[in-house]
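> Fold the stuff below for me.
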Amino acid sequence: MKQASLKSLTLALALGTLVFPLKTYAQTASFTIVPVVTRSDQLPGGTAGFFTCEHCAGTIPGTRIFNNKGDLIFQATGDFCLGGLFLHSGVTNSPLIRECAATPGGTTFFSVGQASLNDQGEAAILTFVQEGNIARNLLLLYAGGQFTQIVATGEQSPFGTTITGCGIFGIGINSKGEIVFEACSEDAAGNLRSDVYVYSNGTIRGIVKSGDPSPIGGNLSFIGLGPGPRINDKGEVLFPSSVDIGPAFHKSGLFLATNEGVKKIVLGDDPLPTGGVVERYIPILGDFNANSEVAFQAAITDGPTDGGVFVFSNGEIRKIAATGDPSPAGGKFVFRPDLFFELAFPEPRINNHGAVAFLSEIKKGSFRSAIFLGSTKAAVKVVAVGERLPSGEKIQRIDSYALNDMGEVAFFAYGKGEGPLGVFKAIPVAPQITSIKLKRKGGRPELRVNGTAMITNDTVIEVNGVALEPTSYPAEFRENGGTTTRVVSRDSRLDEMIPAGATVQVRVFNPLTNVHSGPMAFTR
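Numbering: from 1, shown residues only. Now for the predicted structure:
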């Protein structure tokens, strides 16, 4: 496979780096909202501002695109040649690829597609170039300030086909710099298909192809719907596919390619913990982490609810949230399952701590929709449509978002008239302890911890670093959004762990956001 080094295509091509002054923040009970880039922030060259033109738009073009250093890739589009792909790092926003910039080969970048970013600052970027009247896909690796071409439409695949048709899509990169992608191709007989590949250490290898036998019978059939494949740090690949069972019957599913072969994660007609089964024809949207845990969104038939978000872990499917469940922001969750589901509600994101970010409508609540961070035990509101940003502007729509291992959520917001407001980060607020009391109730010790930014059904009390069990969350102290001002433990070890006259260090921990409070000394 050809690899052309694009050495002259560096950040210098991007005409500089944008540095923005610190801006005001907005804060909810659980998250601080921090601007990344907002409307009217100046584009390079000083000729215009971000998102100020009539047809301006933007997005966060990928799932694994927000790393644990807080770096983020976002896309801004606008009037011709004013858009591009930008890297936010620290307080700077640096253009990576600008529309209409020339490549060393004499072609012209006219659009950018998906991207993925790892903690080393390496990125996989899908671009579109114009060659006369022909548009081509280029998959690029950005590393060390320069770009390397990995593959392009028109080239030969490891399966002996020519990459063409719908081109390249569904890209991702892991911490080792391995890149996964899906591509349509054509064989010598003119038959079209779609296959999954991984680039690693200068070589592209085929992972799975259309027509391969599925692990449950029938054949895999890639249909180009959904988000495409994902790759984790173990080199495993999660991919969506249909399974053809007979000449006129198929089911949608999610599969995992491992060193031991392809394994099924979830398939149409599989039973769900909500009751009912996975709808067989609607694509299943999913993401996964380094622990091979898969978060997915599915339509449901023959059950009490019609859609939900689930997690597959240790061979078991468990519910995160489903239509009709109470929302921590009031009202009830609503997931609308249809063939265009992924356009309005992107697939959930899962980080390496098992926290799942998802976007849901809310019926009869305080807000129309919101991003939530959830687990099988708890959920907390991150940011909602209808809330105000640091500028005071009201969010009218959230269309894309990303999650990192720090529990931070990056999102793109639109305002009145559907105009872009910009890109923002929601950063978890650390819980704080305000008071501690040890009581005896029914002959047993009871430790009560009061504070802020503690998450209902999630926060754990720790004494000298040891987590207490069980924890309860009294209803009268619960707040809108999923937080609480009191957590209580009646752990049978309390008398032993907090002896009379001894001073201990008490902290609270939010597993969802992976954030601890500071310690507070307590003497019985």
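> residues near S313, how many?
S313 sits with 18 neighbouring residues when counted by other Cβ atoms under 10 Å. Quick note: C-beta positions are derived from backbone N, CA and C, even for glycine.
> Assess the claim that A135 and V129 are in contact.
Yes. Using Cβ atoms under 8 Å, A135 is in contact with V129, at 7.1 Å.
> out of those two, which sits in the busier spot?
Legend: neighbour count by other Cβ under 10 Å for A135 and V129, higher for V129 (20 against 14).
> Take stretch 51-66 and give me the span from its first residue to its final residue.
Criterion Cα to Cα, to the nearest Å; first-to-last residue distance in stretch 51-66 is 21 Å.
> Now do the buried residues in it.
51-53, 56-66 (16 or more other Cβ atoms under 10 Å).
> can you check stretch 112-122 too?
Of all the residues in stretch 112-122, those buried under the rule 16+ other Cβ under 10 Å are V112, G113, Q114, A115, S116, L117, N118, E122.
> Let me have those in JSON lines, extended by secondary structure and distance to S89.
Formatted as JSON lines, those follow (DSSP: H, G, I helix; E, B strand; the rest coil; distance: Cβ to Cβ, whole Å):
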{"residue": "V112", "secondary structure": "strand", "distance to S89": "18"}
{"residue": "G113", "secondary structure": "strand", "distance to S89": "21"}
{"residue": "Q114", "secondary structure": "strand", "distance to S89": "19"}
{"residue": "A115", "secondary structure": "strand", "distance to S89": "14"}
{"residue": "S116", "secondary structure": "strand", "distance to S89": "16"}
{"residue": "L117", "secondary structure": "strand", "distance to S89": "10"}
{"residue": "N118", "secondary structure": "coil", "distance to S89": "13"}
{"residue": "E122", "secondary structure": "coil", "distance to S89": "13"}
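> and of these, the nearest to K176?
N118 (8.2 Å; Cβ to Cβ).
> Provide a list of residue ranges in the stretch 151-300 of the chain with pLDDT below threshold.
223-226, 247-248 (pLDDT under 70).
> mind listing the helices for the stretch 251-400 of the chain?
For the stretch 251-400 of the chain, the helices defined by DSSP state H, counting those that start in this stretch cover 341-344.
> Tell me where it has strands.
Ranges of strands in the stretch 251-400 of the chain, per DSSP state E, counting those that start in this stretch, are 261-267, 277-278, 285-288, 294-301, 307-313, 316-322, 332-334, 349-350, 356-363, 369-374, 379-384, 397-403.
> Kindly report the same for the stretch 401-524 of the chain.
409-414, 420-428, 432-441, 444-455, 460-463, 466-467, 471-472, 483-489, 503-510, 515-516, 520-523.
> Switch those over to CSV, and while doing so, append mean pLDDT and mean neighbour count to every line.
Shown next, in CSV, are the strands of the stretch 401-524 of the chain (pLDDT from 0 to 100; neighbours: other Cβ atoms under 10 Å):
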stretch, mean pLDDT, mean neighbour count
strand 409-414, 95, 24
strand 420-428, 95, 24
strand 432-441, 95, 13
strand 444-455, 97, 21
strand 460-463, 98, 20
strand 466-467, 98, 13
strand 471-472, 96, 16
strand 483-489, 98, 22
strand 503-510, 98, 19
strand 515-516, 96, 16
strand 520-523, 98, 14
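> Export those strands to JSON lines and append columns for distance to E347.
Output for those, formatted as JSON lines (distance: least, Cβ to Cβ, whole Å):
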{"stretch": "strand 409-414", "distance to E347": "14"}
{"stretch": "strand 420-428", "distance to E347": "19"}
{"stretch": "strand 432-441", "distance to E347": "34"}
{"stretch": "strand 444-455", "distance to E347": "23"}
{"stretch": "strand 460-463", "distance to E347": "29"}
{"stretch": "strand 466-467", "distance to E347": "32"}
{"stretch": "strand 471-472", "distance to E347": "31"}
{"stretch": "strand 483-489", "distance to E347": "26"}
{"stretch": "strand 503-510", "distance to E347": "24"}
{"stretch": "strand 515-516", "distance to E347": "25"}
{"stretch": "strand 520-523", "distance to E347": "40"}
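> C-alpha coordinates for stretch 135-145, PDB please?
Taking Å, rounded to 0.1, in the frame of the first residue of the first chain, the C-alpha atoms of stretch 135-145 are listed here in PDB:
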ATOM      1  CA  ALA A 135     -13.200  14.000  -5.500                       C
ATOM      2  CA  ARG A 136     -11.100  11.500  -3.600                       C
ATOM      3  CA  ASN A 137     -10.700  10.400   0.000                       C
ATOM      4  CA  LEU A 138      -7.400  10.700   1.800                       C
ATOM      5  CA  LEU A 139      -6.800   9.100   5.200                       C
ATOM      6  CA  LEU A 140      -3.900  10.900   6.900                       C
ATOM      7  CA  LEU A 141      -1.900  10.400  10.100                       C
ATOM      8  CA  TYR A 142      -0.900  13.600  11.900                       C
ATOM      9  CA  ALA A 143       2.100  13.100  14.200                       C
ATOM     10  CA  GLY A 144       5.100  15.300  15.200                       C
ATOM     11  CA  GLY A 145       3.700  18.300  13.300                       C
END
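> Show residues contacting it.
Stretch 135-145 is contacted from outside by 6, 10-11, 96, 107, 110, 113, 120-129, 147-154, 163, 167-168, 171, 173, 177, 179, 181, 199, using Cβ atoms under 8 Å, 6 or more residues apart in numbering.
> filter those residues to the buried ones?
Buried among the contacts of stretch 135-145 (16+ other Cβ under 10 Å): 6, 11, 96, 107, 110, 113, 122-129, 147-153, 163, 167-168, 171, 173, 179, 181, 199.
> Restricted to strands, list those residues.
Members of these lying in strands (criterion: DSSP state E): 6, 96, 110, 113, 123-129, 147-152, 163, 167-168, 171, 173, 179, 181, 199.
> wait, what's in contact with the residue nearest to E293 when sequence neighbours are not counted?
Sequence neighbours aside, S313 is the residue nearest to E293 in space, at 4.5 Å (criterion: Cβ to Cβ, 6 or more residues apart in numbering). Counting by Cβ under 8 Å, 6+ apart, S313 makes contact with N291, E293, V294, G354.
> The last one contacts N291, correct?
Yes. When contacts are counted by Cβ under 8 Å, G354 is listed as touching N291 (7.3 Å).
> Make JSON lines out of the buried residues of stretch 51-66 and add distance to G442, pLDDT and secondary structure.
Shown next, in JSON lines, are those (distance: Cβ to Cβ, whole Å; pLDDT from 0 to 100; DSSP: H, G, I helix; E, B strand; the rest coil):
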{"residue": "F51", "distance to G442": "59", "pLDDT": "84", "secondary structure": "coil"}
{"residue": "T52", "distance to G442": "64", "pLDDT": "80", "secondary structure": "coil"}
{"residue": "C53", "distance to G442": "67", "pLDDT": "77", "secondary structure": "coil"}
{"residue": "C56", "distance to G442": "62", "pLDDT": "83", "secondary structure": "coil"}
{"residue": "A57", "distance to G442": "60", "pLDDT": "86", "secondary structure": "strand"}
{"residue": "G58", "distance to G442": "57", "pLDDT": "88", "secondary structure": "strand"}
{"residue": "T59", "distance to G442": "55", "pLDDT": "91", "secondary structure": "strand"}
{"residue": "I60", "distance to G442": "51", "pLDDT": "93", "secondary structure": "coil"}
{"residue": "P61", "distance to G442": "56", "pLDDT": "92", "secondary structure": "coil"}
{"residue": "G62", "distance to G442": "53", "pLDDT": "89", "secondary structure": "coil"}
{"residue": "T63", "distance to G442": "48", "pLDDT": "86", "secondary structure": "coil"}
{"residue": "R64", "distance to G442": "49", "pLDDT": "92", "secondary structure": "coil"}
{"residue": "I65", "distance to G442": "51", "pLDDT": "96", "secondary structure": "coil"}
{"residue": "F66", "distance to G442": "47", "pLDDT": "97", "secondary structure": "strand"}
